[in-house]
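Enquirer: Prediction below, plus the sequence it came from.
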Amino acid sequence: MADLQTIKLLVNTPDRVFYHDDATFVELSTSEGDIGVYPGHIPLTAVVVPCVLSIHNGNDIKKAAVHGGIIEILKDKITILAEVAEWSDEIDVERANEARLRAEKRLASHDSNLDMVRAEAALKRSLARIKAVN
């Protein structure tokens, strides 16, 4: 098999260096939509929204839930500063499902005192966790 071109990927959270290694392809969601990044991508800075981060390295794919942040893409490296990042094996699926149900219930209540932005963000975070496990 020929050598695959790679790009350096650094994912930092306030608590830890979450990932620091090579990748052949990275997928995630930004406020502008879903993106895929190959080595040599044009420079870009974007806001990361709660999503599943897929890190490809050859045939190996690692998935994580990311709860927002910023991505900077340069020709030879990608840096993601994430609010929270969790590997699929770190996620408590039952707890994530309970959070999803609570958020959906709040949103369905149409309570005039409801902070819609907060409730929608809670739903997006719980869905990102659930999708990262599946």
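Expert: Perfect, I can see it now.
Enquirer: Let's verify the residue of the chain positioned farthest from its centre: helix, strand, or coil?
Expert: The centre of the chain is farthest from one residue, Ser112, which by Cα atoms, centre = their mean lies 30.7 Å away. Look at Ser112: counting by DSSP: H, G, I helix; E, B strand; the rest coil, its state is coil.
Enquirer: next one: phi and psi at it?
Expert: Note on Ser112: backbone dihedrals following degrees, to the nearest 10 are phi -70, psi -20.
Enquirer: tell me the phi and psi of the residue positioned nearest the centre of the chain?
Expert: The centroid of the chain falls nearest to Val66 when counting by Cα atoms, centre = their mean (3.1 Å). When read as degrees, to the nearest 10, the backbone of Val66 gives phi -120, psi 140.
Enquirer: Show the pLDDT at it.
Expert: Per-residue pLDDT puts Val66 at 96.
Enquirer: tell me the contacts of it?
Expert: Listed by Cβ atoms under 8 Å, 6 or more residues apart in numbering, the contact set of Val66 reads 11, 28, 48, 50-53, 80, 82, 84-85, 128. C-beta: built from backbone N, CA, C; applies to glycine.
Enquirer: do the same with Val26
Expert: 7, 9, 36-37, 53-56, 78.
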